[in-house]
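**Q** sequence? don't have it. structure:
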Ligand code: SF4
Ligand code: SF4
């Protein structure tokens, strides 16, 4: 499973961005290979349709789960079309959120 | 086509809503009987509340969005890359088109090497127009649409082809795209301001816009009292023309809230608007 988290700083300890589409980066964790990397979000400062493009970006990186606070209606449509699941964050860093999510799943 | 009569367009605007823009527009319209009144506040048109309207005709306003012929699409994504408005996304081998984000620029249709995209017309709102007196036009945007600009554009076209030589245009609030479109071809603007600090702030913002659009204007102070106020002070200091003052008066406000055109029932107010109409005719050399 590949999980993406919108974050403010490009580290695994970064806190989550309040906005999904306008996050500066996405933390991406691959649970099979246990690898973590950070994606730049080129749409963070875009005018419109940024949610749509952010989901497209994640999908192109084979993401199938997103942990985020609030996702706009259009981005949600794309998320649904891409069969990406969504869950709510806990208080904590990017990596803590990913670990908690994976533990809860077991 | 026959030669068109010269058109004059007077726009009534203010930085924000609730300053009395519509009040000024309809009362001015009441004393300029040869004019056409156009409410371009397409998100919340309310000018027509002042009139008994029986014969309004409607016209749909449509825009085009791309429509996909899946059989012809090979997934090259040239369309997605061409769209500057992020209205398209390619997800799991499927093209998604977001009508609400589309600006109808057509770039995707031209970009597609396989002719897989064509135009589909969708409605974004409608225009209403009375045939007889009082001559009124307004637009209504459908809820959930992102931009009312196409509706205002259509109103502008209709102003051009209308029989009247003068249009009084009630602008949308704010200083966004719809306002700029509503201001197109404006010959003279009436800037409605309230005599407060907040009113001054809004007025300055609106003046910036008017200067940018290079439109000449006069200031109308609404809810005016004899006390010192920042709007009058600023106008004096910057030598800006104040063309009318509407006194602050509870009964006026109350009548107006009930949908009464005050100039029809109150002599003093009527005189203020008659004077204003003369100033405007001079400005427009009508
Ligand atoms: S018409 Fe223009 S804005 Fe609309 S989807 Fe095509 S490229 Fe994007
Ligand atoms: S450019 Fe044409 S063929 Fe290519 S993905 Fe877009 S619609 Fe399909």
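**A** In hand now; what should we look at? Source: prediction; values computed, not measured. Ligands and ions are numbered 1, 2, ... in the order given.
**Q** Domain map for chain B?
**A** Split into domains by automatic domain parsing, chain B comes to B:8-51+B:134-284, B:62-122.
**Q** tell me the most buried of those?
**A** domain B:8-51+B:134-284 (a mean of 19; mean count of other CB atoms under 10 Å in any protein chain shown). From N, CA and C alone the C-beta is placed, and that goes for glycine too.
**Q** just how off-centre is that one within its chain?
**A** 10 Å (CA atoms, centre = their mean, to the nearest Å).
**Q** ditto for stretch B:128-144
**A** With CA atoms, centre = their mean, you get 12 Å for stretch B:128-144.
**Q** Equivalent analysis for stretch A:36-55, please.
**A** Centre to centre, stretch against its chain (CA atoms, centre = their mean), the figure for stretch A:36-55 is 10 Å.
**Q** what's in contact with it?
**A** A:4, A:6-7, A:10-12, A:20-30, A:57-58, A:61, A:71-72, A:74-76, A:78-79, A:82, A:84, A:95, B:85-89, B:91, B:96, B:98, B:101, B:146 (CB atoms under 8 Å, 6 or more residues apart in numbering or on different chains).
**Q** 7 Å instead, please
**A** Contacts to stretch A:36-55, defined as CB atoms under 7 Å, 6 or more residues apart in numbering or on different chains, come from residues A:10, A:12, A:20-29, A:57, A:61, A:71-72, A:74-75, A:78-79, A:82, B:85-87, B:89, B:98, B:101.
**Q** quick one on the thing from earlier: same list, the domains of chain B, but as JSON lines with distance to ligand 1 and mean pLDDT please.
**A** Formatted as JSON lines, these follow (distance: least, CB to the nearest ligand atom, whole Å; pLDDT from 0 to 100):
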{"stretch": "domain B:8-51+B:134-284", "distance to ligand 1": "11", "mean pLDDT": "93"}
{"stretch": "domain B:62-122", "distance to ligand 1": "3", "mean pLDDT": "93"}
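**Q** Can I get those in TSV including distance to ligand 2?
**A** Listed next are the domains of chain B as TSV, based on distance: least, CB to the nearest ligand atom, whole Å:
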stretch	distance to ligand 2
domain B:8-51+B:134-284	22
domain B:62-122	3
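**Q** Quick one: these as a markdown table, columns for distance to residue B:128 too.
**A** Output for the domains of chain B, formatted as a markdown table (distance: least, CB to CB, whole Å):
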| stretch | distance to residue B:128 |
| --- | --- |
| domain B:8-51+B:134-284 | 6 |
| domain B:62-122 | 16 |
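**Q** I'd say residue A:81 and residue B:97 touch.
**A** No. If you go by CB atoms under 7 Å, residue A:81 and residue B:97 don't touch, sitting 11.5 Å apart.
**Q** on that earlier part again, show the buried residues in the contacts of stretch A:36-55.
**A** When the contacts of stretch A:36-55 are checked for burial by 16 or more other CB atoms under 10 Å in any protein chain shown, the buried set is A:12, A:20-29, A:57, A:71-72, A:74-75, A:78-79, A:82, B:85-87, B:89, B:98, B:101.
**Q** Filter these down to the ones in helices?
**A** Among the buried ones among the contacts of stretch A:36-55, the members found in helices (DSSP state H) are A:57, A:74-75, A:78-79.
**Q** The residues you listed: which two are farthest apart?
**A** Greatest spatial distance in these: A:57 and A:74, 14.5 Å, computed using CB to CB.
**Q** which residues pair with residue B:61 across the strands?
**A** residue B:125 (DSSP bridges).
**Q** Can you show me the helices along the stretch 51-200 of chain B?
**A** B:78-82, B:107-111, B:149-161, B:177-182, B:197-213 (DSSP state H, counting those that start in this stretch).
**Q** out of these, which comes closest to residue B:270?
**A** Nearest of the helices of the stretch 51-200 of chain B (CB to CB): helix B:197-213, 24.5 Å.
**Q** contacting residues around that closest one?
**A** B:13-16, B:175, B:183, B:189, B:191, B:193, B:217, B:230-231, B:234.
**Q** ditto for stretch B:271-282
**A** B:10, B:27-28, B:30-32, B:188, B:218, B:243-244, B:246, B:263.
**Q** Go through the residues you listed and flag which are in strands.
**A** B:10, B:188, B:218, B:243-244, B:246 (DSSP state E).
**Q** need the contact list for the residue of chain A found nearest ligand 2.
**A** At 12.9 Å from ligand 2, residue A:56 is the closest residue in chain A, using CB to the nearest ligand atom. Contact analysis of residue A:56 by CB under 7 Å, 6+ apart lists A:78, B:89-91.
**Q** Just the strands from chain A, written as ranges.
**A** Under DSSP E, chain A gives strands at A:2-7, A:25-30, A:35-40, A:65-67, A:85-87.
**Q** Pairing partners for the last one, with directions?
**A** Listed by DSSP bridges, the sheet partners of strand A:85-87 and their directions read strand A:65-67 (parallel).
**Q** repeat for the second one
**A** Each strand that pairs with strand A:25-30, with its direction, by DSSP bridges: strand A:2-7 (antiparallel), strand A:35-40 (antiparallel).
**Q** For beta bridges, what are the partners of the spatially closest residue to residue B:241 that is not a sequence neighbour?
**A** Leaving aside its sequence neighbours, residue B:241 sits nearest to residue B:218 (CB to CB, 6 or more residues apart in numbering or on different chains; 4.7 Å). Per DSSP bridges, residues listed as beta-bridge partners of residue B:218: residue B:190.
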